[in-house]
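**Q** Mind looking at a prediction? Sequence and model below.
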Amino acid sequence: MKVIYPNNISAISADEENANFPVANANDKHPKKLWKATTNSATVTLTMNTSGGDSVAVFNTNAETLAVTVRKVSNAWASGNAWASGNAWFTDTDESATVVYDLYPEGVGSGWAEYDAILGVHVIDLLFTSAAGTIVECGVIVAGNRNTYKDPDLYSTEGLVDFSIVKELNNGAIYTRKRDVVRTFQFQMVEDTDPDFYEFMFTVMKRLGPDPTAWRIVANVLTNFEWVVYARARAMPSGDHIAHAHTMLNIDLIEVV
């Protein structure tokens, strides 16, 4: 299992945006509050803060592919320059290879990408491309530090919660109003009590609280994007100390759409 926390995005920009759907919308906690471009292909640029990161995830996008480029950025004096009128810093970049990911549309347009950790300020370019004739959009982008744990044990539970309105009328007929249906996950996993259990409980979940973030619930045995979800804790996790050095973690998540 993997979870991105904290979210270390310090600035976000895009080469295209609809004035009514600015790119700042993609840097909040509401997947339906969209960033929209003006064509079917646009680049979002993330500037990561001094805590750095190693992972980025996107949700509620109609993009069919996502190209990810990571750039380390540093400032240095150009040769022969000094503090004088007209002189300025130049940007020295160390650019990674661009990797293209296919997105999983049935996972509410979810995508997940990882790169070698950079412990400091750097830039991530995300090139979103949707089908011809459409306008590319995205609901939420999360980027930061990847916390990795064991995958859930067998017999984990996945279900659905339907927020639709179902009401019986006076004549006995049924009135329905379709609303969101979200996924739920309940699972257990055995972790080393120190450091993994306490890191998850105190460094991640106690600080994260009720807020949603990016999860990859199964990461080692399977790599399907069905396991990538933007979710929050439906109930705070708990642990059963089954041995002096091992703890059974109990986790209950609900998708945020």
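**A** Done, it's in.
**Q** make it CA atoms for all contacts and neighbour counts henceforth
**A** Will do.
**Q** for N20, phi and psi?
**A** Its backbone dihedrals place N20 at phi -90, psi -10, with angles given as degrees, to the nearest 10.
**Q** Which stretches in the stretch 51-200 of the chain count as strands?
**A** Listed from the start of the chain, the stretch 51-200 of the chain has strands (DSSP state E, counting those that start in this stretch) covering 53-59, 65-76, 90-95, 99-102, 111-118, 122-129, 137-138, 140-148, 157-162, 165-168, 174-177, 181-192.
**Q** Pick the most deeply packed of those.
**A** Each of these was assessed for mean neighbour count using mean count of other Cα atoms under 10 Å. The highest is strand 137-138, with a mean of 27.
**Q** roughly how far apart are the spatially closest residue to G139 that is not a sequence neighbour and E255?
**A** The shortest distance from G139 to any non-neighbouring residue, by Cα to Cα, 6 or more residues apart in numbering, is to P31 (4.1 Å). Counting by Cα to Cα, to the nearest Å, the gap from P31 to E255 is 11 Å.
**Q** Same check on H30?
**A** With Cα to Cα as the criterion, H30 and E255 are 12 Å apart.
**Q** okay, the two: which has more neighbours?
**A** Neighbour count, other Cα atoms under 10 Å: between H30 and E255, E255 has more, with 21 against 16.
**Q** which SS state does the nearest residue to the more buried one once chain neighbours are set aside fall under?
**A** For E255, ignoring the flanking residues on the chain, the nearest one in space by Cα to Cα, 6+ apart is A231 at 4.1 Å. The three-state label for A231, taken from DSSP: H, G, I helix; E, B strand; the rest coil, comes out as strand.
**Q** pull the longest helix from this structure.
**A** Looking only at the chain and at elements set by DSSP state H, the helix with the highest residue count is helix 206-208.
**Q** Buried residues of that one, list them for me.
**A** Of the residues in helix 206-208, those with enough neighbours to count as buried (16 or more other Cα atoms under 10 Å) are L208.
**Q** for the record, mean pLDDT for that helix?
**A** If you average the pLDDT over helix 206-208, you get 97.
**Q** How about stretch 109-129?
**A** Mean predicted lDDT for stretch 109-129 stands at 92.
**Q** Can we start the residue count at 9 from this point?
**A** Renumbered: residue one is now 9, and that last one reads stretch 117-137.
**Q** so how far is that stretch from its chain's centroid?
**A** The gap between where stretch 117-137 is centred and where its chain is centred comes out at 10 Å by Cα atoms, centre = their mean, to the nearest Å.
**Q** got the end-to-end distance for it?
**A** Start and end residues of stretch 117-137 are separated by 12 Å (Cα to Cα).
**Q** Please give the element, helix or strand, for K40.
**A** Counting by DSSP states H and E, there is no helix or strand that carries K40.
**Q** show me the contacts for it.
**A** When contacts are counted by Cα atoms under 8 Å, 6 or more residues apart in numbering, K40 is found next to N68, G147, V265.
**Q** okay but W43 is in contact with N35, surely?
**A** No: at 9.2 Å, W43 does not count as touching N35 under the criterion of Cα atoms under 8 Å.
**Q** Which one's more surrounded, the two?
**A** Neighbours per residue, other Cα under 10 Å: of W43 and N35, the larger number sits with W43, 26 against 22.
**Q** do you know how far that one is from A222?
**A** Separation of W43 from A222 (Cα to Cα) stands at 18 Å.
**Q** now V81
**A** Going from V81 to A222 by Cα to Cα gives 25 Å.
**Q** now Y163
**A** Between Y163 and A222 the distance is 22 Å, computed by Cα to Cα.
**Q** Settle it for me: which of those two has more neighbours?
**A** Counted by other Cα under 10 Å, Y163 and A222 do not tie: A222 has more neighbours, with 30 against 9.
**Q** Over to that one. Which of the three states is it?
**A** The three-state assignment at A222 reads strand, by three-state DSSP.
**Q** For it, give its distance to A239.
**A** Counting by Cα to Cα, the gap from A222 to A239 is 7 Å.
**Q** so F233 sits right up against G119, yeah?
**A** Yes: contact status for F233 versus G119: in contact at 7.2 Å, counting by Cα under 8 Å.
**Q** Noted, bye for now.
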